[in-house]
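A.B. asks: what follows is a predicted protein model with its sequence.
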Amino acid sequence: MKPIIGMPSDQLIETNPRMPGDYLAYAPHDVKEAIYAAGGIPIILPFPEKFDDVEDSIQDIVAMIDGLMLPGGPDVDPLFYGEEPIPEIGMTIGIEDKFEIALIKEAIRVGKPILGICRGIQVLNVALGGTLYQDLEAQNPNVKIQHAQATLGHFKTHHVKIEENSRLSSLLGDNSLVNSRHHQAIKQVAEGLTVAAISPDGIVEAVESENSNQILAVQWHPENLWQNDKEQFKLFTDFVERSVIKK
């Protein structure tokens, strides 16, 4: 039986003028296609307007999935890691953060596998007690490369160095050329996570579990690369395989 992969939704801010307030909940096309291609069945987990409406359902939501996929999306609200927002931060949706953090904590509690992409690595780190750079250029003087690439998203623009003996190195080797579409990144790595890859200027590009194969998260966007890159596709096949093992 194929594993069920839950993906928290993103949300369009613009509404249909004939239906005010009818926001569309959706999942990124390339992510759901990658999950299908890897042998999983993706389902969207839409966040509510009020967390109280689903707080007592988090355990049931996680119980019905075999793996948790954390896709890209808006900036993570810095209030969740004890900071006030700086002028350079982008749009945040606090209820989305609250919902995903609850899903992450429950998935970890019951041992469900997690794969994070871009925002996914960031909200994962925050859920476990870590912090973020709200904006790399504003807060990190050591940034020397373009992390928010100007070219199209499916083009690769910089390398990442992958740590030896990491799960990621078993999939991609000791380095990889990746795309890059972010202005936030991990600052303080959360307890229980270990750095699996860094950029040439020292920014955290991947993390994974310290003591198990439960968690793997990357800062780049493999969902835009897997169609023409069998190495990047391994991130999805590995995740689906980990989800099968956990059934």
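C.D. replies: Received the coordinates, thanks. Numbering: from 1, shown residues only.

A.B. asks: low-confidence ranges, the protein, go.
C.D. replies: Scanning the chain for pLDDT under 70 picks out the ranges 12-22, 245-247.

A.B. asks: one more time with 80, if that's ok
C.D. replies: Across the chain, the ranges flagged by pLDDT under 80 are 11-26, 53, 245-247.

A.B. asks: the strands in it, which residues?
C.D. replies: 4-8, 10-11, 25-26, 41-45, 67-70, 114-117, 132-133, 158-162, 175-178, 185-186, 193-198, 204-209, 215-218 (DSSP state E).

A.B. asks: which strands and helices sit next to the first one?
C.D. replies: To tie it back to what came earlier, the one meant is strand 4-8. helix 29-38, strand 41-45, strand 67-70, helix 94-110, helix 230-245 (3 or more C-beta pairs under 8 Å, 6 or more residues apart in numbering; DSSP states H and E). All C-beta spots, glycine's among them, are computed from the backbone N, C-alpha and C.

A.B. asks: quick one: closest of those to Glu137.
C.D. replies: helix 94-110 (22.6 Å; C-beta to C-beta).

A.B. asks: without its sequence neighbours, what residue ends up closest to the residue nearest the centre of the chain?
C.D. replies: Nearest to the mean C-alpha position of the chain, by C-alpha atoms, centre = their mean, lies Gly120 at 1.6 Å. Leaving aside its chain neighbours, Gly120 sits nearest to Leu70 (3.0 Å; criterion: C-beta to C-beta, 6 or more residues apart in numbering).

A.B. asks: gap between that neighbour and Leu103?
C.D. replies: To Leu103, Leu70 is 8 Å away according to C-beta to C-beta, to the nearest Å.

A.B. asks: ok, back up a step: my guess is the residue nearest to the centre of the chain contacts Gln219, does it?
C.D. replies: No: contact criterion C-beta atoms under 8 Å: Gly120 and Gln219 do not qualify, at 9.2 Å.

A.B. asks: quick revisit: quick one: which of the helices and strands packed on strand 4-8 is nearest Asn165?
C.D. replies: helix 230-245 (15.9 Å).

A.B. asks: next, the angle from the closest one to helix 29-38.
C.D. replies: With axes from the mean of the first three to the mean of the last three C-alpha atoms, to 10 degrees as the basis, helix 230-245 and helix 29-38 are set at 70 degrees to each other.

A.B. asks: which non-adjacent residue is nearest Ala34?
C.D. replies: Phe236 (4.5 Å).

A.B. asks: rewinding a little: just name the most buried of the strands of the chain.
C.D. replies: Comparing the strands of the chain by mean neighbour count (mean count of other C-beta atoms under 10 Å), strand 67-70 ranks first with a mean of 28.

A.B. asks: who touches that one?
C.D. replies: 3-8, 31, 35, 40, 42, 62, 100, 103-104, 107, 112-117, 119-121, 123-124, 217, 239-240, 242-243, 246 (C-beta atoms under 8 Å, 6 or more residues apart in numbering).

A.B. asks: one more: stretch 93-100?
C.D. replies: So stretch 93-100 is contacted by 8, 10-11, 45, 47-51, 54, 70, 73-74, 76-77, 79-80, 123, 126-127 (C-beta under 8 Å, 6+ apart).
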